[in-house]
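A.B. asks: With the input below, show me the fold.
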Amino acid sequence: MGKIYRYSIAYDFVRVLVKTSHRLFYRKVIVTGRENIPKDKPVIFAPNHQNALMDPLALVCTLPSQIVFLGRADIFKSATNRPFLRFLKIIPVYRIRDGVENLGKNEKTFRQTIEILQHKTPLCLFPEARHTDKRSLLPLKKAVPRIAFQAEESGGLGKDLVIIPVGIFYSDYQNTQSTLQINYGTPLEVNDFLSSYRENPQRAQLELRDAIQEKLSPLMIDIRDTEHYELYEAIRLLYRKTMLKEANLSASSLKDHFLADQLTIQKLEKAAENDDSFIESLSGKVQKYDELQCELKIKEEALERELYTPGKAFITGLGFLLVSPIIAFGWLHHALPHYYLKRHVNRKIEDSQMRSSFYFVLGMLAFSAMYVVGLLTGGRLFPGWWKVLYLIAMPVSGVFAYRLIRCWRIFRNRLRLRFGLSKEQQNQLLNFRKEIISACQKAFSAQKQ
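C.D. replies: Residues are numbered from 1 along each chain as shown. The predicted model follows:
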């Protein structure tokens, strides 16, 4: 069996399919900081971990290198899984929950990581050591510093080893056609911590761990107030448009949406520090607003837009009528596997953070099979190059159909807000929303003084 750090043609062949599926799965993939990754040095990537398999895929699909990952040892229990996991360039790391007797096996893994880094193959470890269902950075473990110091001490790296913190942000963990942003941070030079390591290894590991945490947090949405997590999430979305204007950011730039969310959370944290009662008061308002939204069945996407006029509602409805053939074509080729997989995955997978990973992998296989079947059946109706156009049209129409159906749902909700509620109910909802935004503006503006 070949060395795991060696280049694999088969891996790159499979990656083409995965990257294509990955690009179709997300509405937009934004990458920042690629210039921070050195091309001539051994690298350890240290990303936050919030979305199971989708997190490593974020790196695999946005970098040209064939990265070796450290994964949970329990996924290696099945003998049939091991060759497949090795093909994917994953090696096991053992935790206490895998059995104290197995911890010694980590020495073999650590020796492998040293060999991998010596051959300038990038290595990736998730320093939190587990994923979370919240946009928060968990306390980091010492695995990354331990491997980094052992690799440097082994020689052969020329004291060039760097750690690149990676922030991964999903606008929606579960659903396709959401936004993914990957932020590659500035490198940490392991050599800067070596003298401390030689004096006191334990202290140096903690210092490097804390340095990684300090660099990683600004690259992601990191809500540290876990007690009021839901409040921060609600305000992050509700206040986004206002923050974009206040910070002179572009409403059309998804990167600026991320920056606006970070600013909102920072200002909320500061407001909570300045006035303990503010968060409790705001939490009560948001809870009532949320309850009223649920009662009246109106979503935030409808409330953040202007109320429809009859004329604008008619023109928008006419637009949906004109694009209905695209929706019908896309729905025809994707509805059966999409709804079956969604239902099956939601019923079988208890960990909600694992669902999008299962849906992505199963969907990639199911939709590929559907396209082949579609080409063999429907493709018979088309001559020559029209078959190729038909093959391309299937996945593209699926993406457009999904987006248009989502827009249709928002359209219906906006119609309900404008024409299905009484004027009193409309005003009650909109005034609640304005009151929350005004309370935030007042608290945030006080910070400038």
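A.B. asks: Contact partners for the residue nearest the centre of the chain?
C.D. replies: The centroid of the chain falls nearest to residue 170 when counting by Cα atoms, centre = their mean (3.1 Å). By Cβ atoms under 8 Å, 6 or more residues apart in numbering, the residues touching residue 170 are 50, 51, 54, 178, 179, 180. Any C-beta I mention is one placed from the backbone N, CA and C, and that applies to glycine too.
A.B. asks: Just these: which are in helices?
C.D. replies: Counting by DSSP state H, the contacts of residue 170 place residue 54 in helices.
A.B. asks: Tabulate the contacts of residue 170 (TSV), appending pLDDT.
C.D. replies: Converted to TSV, the contacts of residue 170 look like this (pLDDT from 0 to 100):
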residue	pLDDT
50	93
51	93
54	95
178	96
179	97
180	98
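A.B. asks: Looking at the contacts of residue 170, spot the one nearest residue 190.
C.D. replies: Nearest to residue 190 among the contacts of residue 170 is residue 50, at 25.6 Å by Cβ to Cβ.
A.B. asks: Could you check how far the closest one is from residue 343?
C.D. replies: Separation of residue 50 from residue 343 (Cβ to Cβ, to the nearest Å) stands at 24 Å.
A.B. asks: of those two, who's got more company?
C.D. replies: Neighbour comparison, residue 50 and residue 343: the larger count goes to residue 50, with 24 against 10 (by other Cβ atoms under 10 Å).
A.B. asks: Look up how far residue 357 lies from that one.
C.D. replies: Residue 50 is 12 Å from residue 357, by Cβ to Cβ.
A.B. asks: And residue 285, by the same measure?
C.D. replies: According to Cβ to Cβ, residue 285 and residue 357 sit 36 Å apart.
A.B. asks: And for residue 16?
C.D. replies: 20 Å.
A.B. asks: The two - which one has more neighbours?
C.D. replies: residue 357 (20 against 9).
A.B. asks: Mind telling me what element the more buried one is part of?
C.D. replies: Taking DSSP states H and E as the criterion, residue 357 maps to helix 352-377.
A.B. asks: how far does that helix sit from the chain's center?
C.D. replies: Distance, stretch centre to chain centre, for helix 352-377: 20 Å (Cα atoms, centre = their mean, to the nearest Å).
A.B. asks: before we move on, the earlier item: what's the farthest-apart pair in the contacts of residue 170?
C.D. replies: The span of these, defined through Cβ to Cβ, is set by 50 and 179 at 14.0 Å.
A.B. asks: The host helix or strand of residue 324: which residues count as buried?
C.D. replies: Assigned by DSSP H and E, residue 324 belongs to helix 310-348. Neighbour counts over helix 310-348 (16 or more other Cβ atoms under 10 Å) mark 313, 316, 327, 329-331, 333-334, 337-338, 341-342, 345 as buried.
A.B. asks: Out of the residues you listed, flag the one nearest to residue 147.
C.D. replies: residue 345 (33.7 Å).
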